[in-house]
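[1] Here's my sequence, what's the structure:
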Amino acid sequence: MRLLHISPSYHPHIGGVEYVVKSVAERLARMGHEVTVLAGEPSIDKPVEEEVNNVSVTRWPVWSPNGAYHIPRRRSKLTEWLRRNSRNVDVIHFHSVHSVLPVYSLNVLKDVDVWKVFTPYYHGTGHTVFRRFLWVSWRYFVKRLLRYVNVVHTVSKLEAELVERDFCIKALPIENGVDEWVLSVSWSPRGYVMYSGRIERYKNIHRLGSVVRILNRVYGLDLELKVFGRGPYRESLRRYLEGLGIRFSLEEPQPFEKYIENLSQASLFGLLSEKESYPQSVNEANAIGVPVAVAEPWGRNFSGRSRTLIVSLNESDEAIAKKIADFLHNAPREPRPVVPSWSEVTSIYLERLYKENYR
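    Numbering: from 1, shown residues only. Take a look at the predicted model:
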């Protein structure tokens, strides 16, 4: 098959959507399919073409303040590129309604007679007051465009419920996998709680720091907090954690292999975020067997998995800390969770998103 993926950005940029697109695109290429990725790139002034692990990648100049929006530049040229490159493909797979580039591309190609799949990674709203305001009109625009898509795919059942609620469209949930080698990594805890991802206030990393403080002072643990990521709340978070008086480190995002190494040595991975679609970091922690504390409602994506504690953000930090203290005592006795590999998930994509529905 010939497939075109349209993504906000692409490897080596670090992000959940970028990682999913890379994981699927490269495995499709290994299976013998012809794969092209169109991705936003803020550091260039004109399109750049390259081949990465047998995937043809076109990086398009975008305006991306704080790593968000991915608003395409040279739009007339982009329209020409999209119409030209859509003529010879079997499937176009758009990724993320939180980015302008994929949505703009769908608007250009909405009447093109080719099988279209959209994975929205939909959180339900924006992440700031300003973004929530923009979503009022953006949601209506996206809702109209999704009528031109053959399959809307979500990465969790909860995301599918949000898509049906807000866009009145039935979605097909297929969850993410992990790299095959990650399944062989062993958990070897070294006394720290870890968070990795965007540093935004809604991620509640400051509350995770407060929980670590209570675990140390009330329950006699000796835990450090390690945070890997970047984002607009970074310096505010640093000041908050300094005020708590806990041991912590605040580091840049790590290359994937180093990130997995750090993850495998965490005593706990904590994600108290208010908004997620399907947090890949939790999936990877599960695959390694690292105990995970994850907040509702997104945590319910992982209900039934061992070594996984689901907490409510309506609870106090003290109540969450008590649950985590009990959880950390019992979790090592539980079996390692079962998580699918990306090869398994890519085969499901072929059968359920592309081939089964393709006419």
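
[2] switch to C-alpha atoms for all contacts and neighbour counts from now on
    Will do.

[3] Let's see stretch 13-24 as CSV, backbone CA atoms only.
    Coordinates of the C-alpha atoms in stretch 13-24 are reproduced here as CSV (Å, rounded to 0.1, in the frame of the first residue of the first chain):
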residue,chain,number,x,y,z
HIS,A,13,11.2,16.1,17.7
ILE,A,14,10.0,14.6,21.0
GLY,A,15,6.3,14.3,21.6
GLY,A,16,3.6,11.7,22.0
VAL,A,17,2.0,12.2,18.5
GLU,A,18,5.5,12.3,16.9
TYR,A,19,6.4,9.0,18.6
VAL,A,20,3.3,7.3,17.5
VAL,A,21,3.6,8.4,13.9
LYS,A,22,7.3,7.3,13.8
SER,A,23,6.5,3.9,15.4
VAL,A,24,3.8,3.1,12.9
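
[4] what's next to that stretch, contact-wise?
    Contact with stretch 13-24 is made by 5, 7-11, 95-96, 121, 176, 179, 197, 253, 279-280, 342-343, 346, as judged by Cα atoms under 8 Å, 6 or more residues apart in numbering.

[5] Could you check how far it is from the centre of its chain?
    8 Å (Cα atoms, centre = their mean, to the nearest Å).

[6] which of the residues in it are buried?
    Going by neighbour count (16 or more other Cα atoms under 10 Å), the buried part of stretch 13-24 is 14-24.

[7] Then stretch 39-49?
    For stretch 39-49, by 16+ other Cα under 10 Å, it's 39-42, 47.

[8] which among those gets closest to G231?
    Nearest to G231, judged by Cα to Cα, of the buried residues of stretch 39-49 is P42 at 16.1 Å.

[9] Poorly predicted segments of this structure, please.
    124-133, 356-359 (pLDDT under 70).

[10] hey, where'd the helices end up in it?
    16-30, 75-85, 100-109, 129-145, 157-167, 205-219, 234-244, 256-264, 280-288, 317-330, 342-348 (DSSP state H).

[11] Turn the ones you listed into CSV, columns for distance to N54.
    Below are the helices of the chain laid out as CSV (distance: least, Cα to Cα, whole Å):
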stretch, distance to N54
helix 16-30, 6
helix 75-85, 18
helix 100-109, 22
helix 129-145, 31
helix 157-167, 31
helix 205-219, 38
helix 234-244, 36
helix 256-264, 20
helix 280-288, 24
helix 317-330, 43
helix 342-348, 16
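
[12] Can you say which of those is nearest to V57?
    Comparing those by Cα to Cα, helix 16-30 comes nearest, at 10.3 Å.

[13] For W63, find the nearest of the helices of the chain.
    Per Cα to Cα, nearest to W63 of the helices of the chain: helix 100-109, 9.9 Å.

[14] got the buried residues for the closest one?
    In helix 100-109, counting by 16+ other Cα under 10 Å, buried: 100-107, 109.

[15] Same question for stretch 291-305.
    291-302, 305.

[16] which two in these are spaced the farthest apart?
    Using Cα to Cα, the two most remote members of these are P291 and P297, lying 18.2 Å apart.

[17] Pull the distance from stretch 57-76 to the chain's centre.
    Here the centre of stretch 57-76 is set off from its chain's centre by 19 Å, with Cα atoms, centre = their mean.

[18] Neighbours of P255, how many?
    Counted with other Cα atoms under 10 Å, the neighbours of P255 add up to 11.

[19] Would you mind measuring from it to P291?
    Separation of P255 from P291 (Cα to Cα, to the nearest Å) stands at 22 Å.

[20] Wait, H95 touches S9, no?
    No. Assessed by Cα atoms under 8 Å, H95 is found out of contact with S9, at 9.9 Å.

[21] which one is E251 nearest to, not counting chain neighbours?
    F228 (4.8 Å; Cα to Cα, 6 or more residues apart in numbering).

[22] Hmm, P253 and that neighbour touching each other?
    Yes. Using Cα under 8 Å, F228 is in contact with P253, at 5.1 Å.

[23] Quick check: neighbours shared by those two?
    196-197.
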